[in-house]
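Visitor: Coordinates for the following, if possible.
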Amino acid sequence: ARIVPALPFALERGLILLAGIWFVNLVNFMDGLDLMTVAEVVPVTAALGLLGWFGDLSTSAGLLATALCGAMLGFAPFNRPAARVFLGDVGSLPIGLLLGWCLLELAWHGQPAAALLLPAYYLADSTVTLFRRIIRREPFWSAHRTHFYQRATDNGFAVSRVVGEVFLLNLLLAALAIVTVRAGSMTIAIVSLFAGGAAVAFVLRRFSRTQSS
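Guide: Residues are numbered from 1 along each chain as shown. A predicted model of the protein is given here:
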């Protein structure tokens, strides 16, 4: 299966491998607040499970997404602030791998727009942060607290508020992704991508600004 037939096969596969490695690691990078990974993974996997139920995704990917959603819901009570249990590298890296594979399956089923919309917040926060650190010539491979969600807590947001806003944003992105797939229209896909991008940009901007007392 091809995602971007216009690209040479070897280049497309190389970019997919690079994107997969980045996605696995960014899930780990973004797991820095209680319930943050739950707020990301539950809406995304719930949407993937629904798409599997509708027949817009392979049965195996749909079942995996549903199982992962259930696992994260079971994990949530133990990870709510103040958390008693944490994912760590051992938990977040496999979640990134499984979630990345489900999204790749969605793209292979002719839905690249939906596959980009579902993880759009994680992709934007982590990628913008990485390039900002590279431009500033910071040691981007070292530990830091400059992700937008981390800056939000430094700017006066409560952890519950940050996680809540990320969760609501992801619900919106999941809805846009489902609409895109079910509509089967290029125009709706483009409009949804712009709407999702605007929503993500709005939240990132909020997180980067100091809250007035």
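Visitor: For the rest of this, base every contact and every neighbour count on C-alpha atoms.
Guide: Noted.
Visitor: what about the helix or strand where Gln150 lies, average pLDDT?
Guide: Secondary structure assignment for Gln150, by DSSP states H and E: helix 148-154. Across helix 148-154, pLDDT averages out at 92.
Visitor: downstream neighbour of it in the secondary structure list?
Guide: helix 159-183.
Visitor: How about the spatially most central residue of the chain: what's its closest non-neighbour residue?
Guide: Centroid-nearest residue in the chain: Pro119, 2.6 Å away (criterion: C-alpha atoms, centre = their mean). Nearest residue to Pro119, sequence neighbours excluded (C-alpha to C-alpha, 6 or more residues apart in numbering): Val44, at 7.1 Å.
Visitor: pLDDT on the helix or strand in which the one you found is found, on average?
Guide: Element membership of Val44, judged by DSSP H and E, is helix 36-54. Averaging pLDDT along helix 36-54 yields 96.
Visitor: quick one: it to helix 159-183, angle?
Guide: 20 degrees (axes from the mean of the first three to the mean of the last three C-alpha atoms, to 10 degrees).
Visitor: Now do the helix or strand just after helix 36-54: everything it contacts.
Guide: Under the assignment DSSP H and E, the closest C-terminal helix or strand after helix 36-54 is helix 59-79. With contact meaning C-alpha atoms under 8 Å, 6 or more residues apart in numbering, helix 59-79 is reached by 34-35, 38, 41-42, 45-46, 48-53, 84-86, 95, 98-99, 101-102, 105.
Visitor: where's the spatially closest residue to His147 that is not a sequence neighbour relative to Leu173, distance?
Guide: Using C-alpha to C-alpha, 6+ apart and skipping residues adjacent in sequence, the residue nearest His147 is Thr129, 5.8 Å away. Separation of Thr129 from Leu173 (C-alpha to C-alpha, to the nearest Å): 20 Å.
Visitor: what does Leu73 give?
Guide: The value you get for Leu73 to Leu173, if C-alpha to C-alpha is used, is 19 Å.
Visitor: three-state assignment of His144?
Guide: Of the three states, His144 takes coil according to DSSP: H, G, I helix; E, B strand; the rest coil.
Visitor: what about it, distance to Arg136?
Guide: With C-alpha to C-alpha as the criterion, His144 and Arg136 are 14 Å apart.
Visitor: Quick one: residues contacting Trp101.
Guide: Here Trp101 is in contact with 20, 61 (C-alpha under 8 Å, 6+ apart).
Visitor: re the thing from before, Ala39 versus the residue nearest to the centre of the chain, what's the distance?
Guide: 11 Å.
Visitor: Overlap of the contact sets of the two?
Guide: Any residue near both Pro119 and Ala39 by C-alpha under 8 Å, 6+ apart counts here, and that gives Asn170.
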